[in-house]
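Asker: Next input, structure requested:
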Amino acid sequence: MTINLKNFLNPKVKVSKMGEFQELRPIDGLEISSVSADLYGDGRDDLSLFYFPEGANFSAIYTTSKVTSASINWNVKIKRHFVKALMVNTQNANTFTGIKGAQGLKEIAHTLSKALTLKSSQSPKGVEEIIKITDLLFASTGVIGEDFPYLKIKNRIPELVKKLKNEQNKFIWFKAASAIMTTDTRPKLAYEECKIGSKIIKISGIAKGSGMIQPNMATMLSFIFTDANIPSVFLKAILKKVSTTTFNAITVDSDTSTSDMVGIFATGKAKNSKIYNVLDPKLQDFEKALYRLTLNLSKQIVVDGEGATKFITVNVMGGKSNAMARNVAFSIANSPLVKTAIAGEDPNWGRILMAIGKSGENVTQNKIQVKIGNYLVAEQSRKAKNYNEEAVKEYMESNSIDINVNLDLGNASFTVYTCDLTHDYIDINADYRN
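Answerer: Below you'll find the model as predicted:
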């Protein structure tokens, strides 16, 4: 991976360094642990647990795929807006695993609920709380169609619960973000602060994703934690809004996962003043901070795209509607010919015009203007008069490429973030199960 992450984060994001990684702050009301169930056979961490001793308001957006994991099915079925824990496994997606996969997950849920109930009885308060299986959420990511290794996971739950930590230092966050990775080459973490009234609010988030990335809701997996006191219904409205131009504006390979999930958990420990509706002015700062955090994580996913060497921003303006601008932007961003041209540093702008044309949108050919970076390459149905291919070719040697398209049909615009398509993408996915 040759891309430097620092070049692509939202410039408004203030990054604290742990090497190149942003330092996440502790979220009061959250405990975290990660262990190995040896699902990969190499001893790496592959199970993570996020526990809320006093519960958390919760909202999530899930994949729109019609083929979904047992974990997604579980979460959707329980329809809870206040939860006690989230457990994540990697290596196995628990998708297309039939009744055995669903039953295995249920066994895990019972084991986890008993272990957490025992933990609650040993707390300093000394009051036993029954943790029901419907208080639990799950996420799974990895290979589709292989038997779900529920016994391996189940047997590691006592250790997973025993290792829960509430201090959440750099190492704990880094360990948790690493434990949810599959083909990722690096963990993805982001942090923001804002205010609700006079109270400082903390927001910490992690994500995983490298391939099978064109979300219709979020990314493969992303989990966001805050100490804000915000009702679940308002969390969902804000999450859906910011995801439109962040998690739902990225693509690596145009494939939507069976396991996509973005969840936000609010412990309420900041004890901010009560929020009465989603338009409450007190939420404006929180929404802006959540947008910055989700855009940060989204860009990190694209930077870490399988085999990626270049980060690509596709800006489409002048659309009749946002839907038109979005469709044209994704048509360009998902074009294998555009992505391979950029990988080869070839300023073959004709491929961009091809992608605009195949979008299905009713564009007007002689109005289209295309720029690569700041270089005008095409307008009025022909190559730009002052087009300088050598200058554009030199620009394409950089790690960050901007494609700017003006349809000149209206005022709508949309931006999509993607990466190039290299031979390494083929190698990674051809050898994925080996």
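
Asker: how about the helices of the protein, start to end?
Answerer: 70-78, 98-121, 150-162, 170-179, 232-243, 284-303, 322-333, 336-343, 350-357, 389-395, 423-430 (DSSP state H).

Asker: could I get those helices as JSON lines with mean pLDDT?
Answerer: Below are the helices of the chain laid out as JSON lines (pLDDT from 0 to 100):
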{"stretch": "helix 70-78", "mean pLDDT": "92"}
{"stretch": "helix 98-121", "mean pLDDT": "94"}
{"stretch": "helix 150-162", "mean pLDDT": "97"}
{"stretch": "helix 170-179", "mean pLDDT": "93"}
{"stretch": "helix 232-243", "mean pLDDT": "95"}
{"stretch": "helix 284-303", "mean pLDDT": "94"}
{"stretch": "helix 322-333", "mean pLDDT": "96"}
{"stretch": "helix 336-343", "mean pLDDT": "93"}
{"stretch": "helix 350-357", "mean pLDDT": "96"}
{"stretch": "helix 389-395", "mean pLDDT": "96"}
{"stretch": "helix 423-430", "mean pLDDT": "72"}
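
Asker: Of those, give the one that comes closest to residue 191.
Answerer: helix 284-303 (7.3 Å; C-beta to C-beta). Every residue, glycine included, has its C-beta placed from N, CA and C.

Asker: so for stretch 181-193, what's the average pLDDT?
Answerer: Averaged across stretch 181-193, the pLDDT comes to 90.

Asker: Determine how far the last residue of it lies from the first.
Answerer: Terminal residues of stretch 181-193 lie 25 Å apart, using C-alpha to C-alpha, to the nearest Å.

Asker: will you turn the helices of the chain into a markdown table that also has mean neighbour count and distance to residue 408?
Answerer: Output for the helices of the chain, formatted as a markdown table (neighbours: other C-beta atoms under 10 Å; distance: least, C-beta to C-beta, whole Å):
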| stretch | mean neighbour count | distance to residue 408 |
| --- | --- | --- |
| helix 70-78 | 20 | 42 |
| helix 98-121 | 18 | 51 |
| helix 150-162 | 18 | 55 |
| helix 170-179 | 20 | 43 |
| helix 232-243 | 19 | 28 |
| helix 284-303 | 23 | 27 |
| helix 322-333 | 23 | 12 |
| helix 336-343 | 20 | 21 |
| helix 350-357 | 19 | 12 |
| helix 389-395 | 14 | 21 |
| helix 423-430 | 14 | 34 |
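
Asker: Tabulate those (a markdown table), appending distance to residue 34.
Answerer: Compiled in a markdown table, the helices of the chain are given as follows (distance: least, C-beta to C-beta, whole Å):
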| stretch | distance to residue 34 |
| --- | --- |
| helix 70-78 | 17 |
| helix 98-121 | 15 |
| helix 150-162 | 8 |
| helix 170-179 | 4 |
| helix 232-243 | 24 |
| helix 284-303 | 18 |
| helix 322-333 | 33 |
| helix 336-343 | 34 |
| helix 350-357 | 41 |
| helix 389-395 | 42 |
| helix 423-430 | 24 |
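
Asker: OK, contacts around residue 93?
Answerer: Residue 93 is in contact with 69, 140, 141, 142, 143, 144, 258, 259, counting by C-beta atoms under 8 Å, 6 or more residues apart in numbering.

Asker: Pull the number of nearby residues for the second one.
Answerer: The one in question is residue 140. When counting by other C-beta atoms under 10 Å, one arrives at 27 neighbours for residue 140.

Asker: go on, the fourth one?
Answerer: Other residues near residue 142 number 22, with proximity taken as other C-beta under 10 Å.

Asker: Against residue 148, how distant is it?
Answerer: From residue 142 across to residue 148, the span is 10 Å (C-beta to C-beta, to the nearest Å).

Asker: any common contacting residues for those two?
Answerer: Here residue 142 and residue 148 share the contacting residues residue 92, scored by C-beta under 8 Å, 6+ apart.

Asker: Go ahead and confirm residue 142 touches residue 182.
Answerer: Yes: counting by C-beta atoms under 8 Å, residue 142 touches residue 182, with 5.6 Å between them.

Asker: what is in contact with the two at once?
Answerer: Joint contacts of residue 142 and residue 182 (C-beta under 8 Å, 6+ apart) are 90, 91.

Asker: circling back to that earlier point, any of the contacts of residue 93 buried? List them.
Answerer: 69, 140, 141, 142, 144, 258, 259 (16 or more other C-beta atoms under 10 Å).

Asker: can you tell me which of those are in strands?
Answerer: Judged by DSSP state E, strands contain the following of these: residue 140.

Asker: Please convert the buried ones among the contacts of residue 93 to CSV, extending it with pLDDT.
Answerer: Listed next are these as CSV, based on pLDDT from 0 to 100:
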residue, pLDDT
69, 93
140, 94
141, 90
142, 87
144, 89
258, 74
259, 73
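
Asker: Specify which member of the buried ones among the contacts of residue 93 is nearest to residue 249.
Answerer: When the buried ones among the contacts of residue 93 are compared against residue 249 (criterion: C-beta to C-beta), the nearest one is residue 259, at 19.7 Å.

Asker: Nearest to residue 57, out of the helices of the chain?
Answerer: Nearest to residue 57, of all the helices of the chain, is helix 232-243, at 4.5 Å by C-beta to C-beta.

Asker: Not counting the closest one itself, show me its contacts.
Answerer: Helix 232-243 has contacts (C-beta under 8 Å, 6+ apart) with 57-61, 81-82, 217-218, 230, 262, 264, 266, 275, 277-278, 283, 286-287, 290-291, 294.

Asker: Now list the buried members of these.
Answerer: Among the contacts of helix 232-243, those that count as buried by neighbour count (16+ other C-beta under 10 Å) are 57-61, 217-218, 230, 262, 264, 266, 275, 278, 283, 286-287, 290-291, 294.

Asker: domain assignment for this structure?
Answerer: 5-303, 311-430 (automatic domain parsing).

Asker: quick one on the thing from earlier: out of the buried ones among the contacts of residue 93, flag the one nearest to residue 311.
Answerer: Using C-beta to C-beta, residue 141 is the member of the buried ones among the contacts of residue 93 that lies nearest residue 311, at 23.0 Å.
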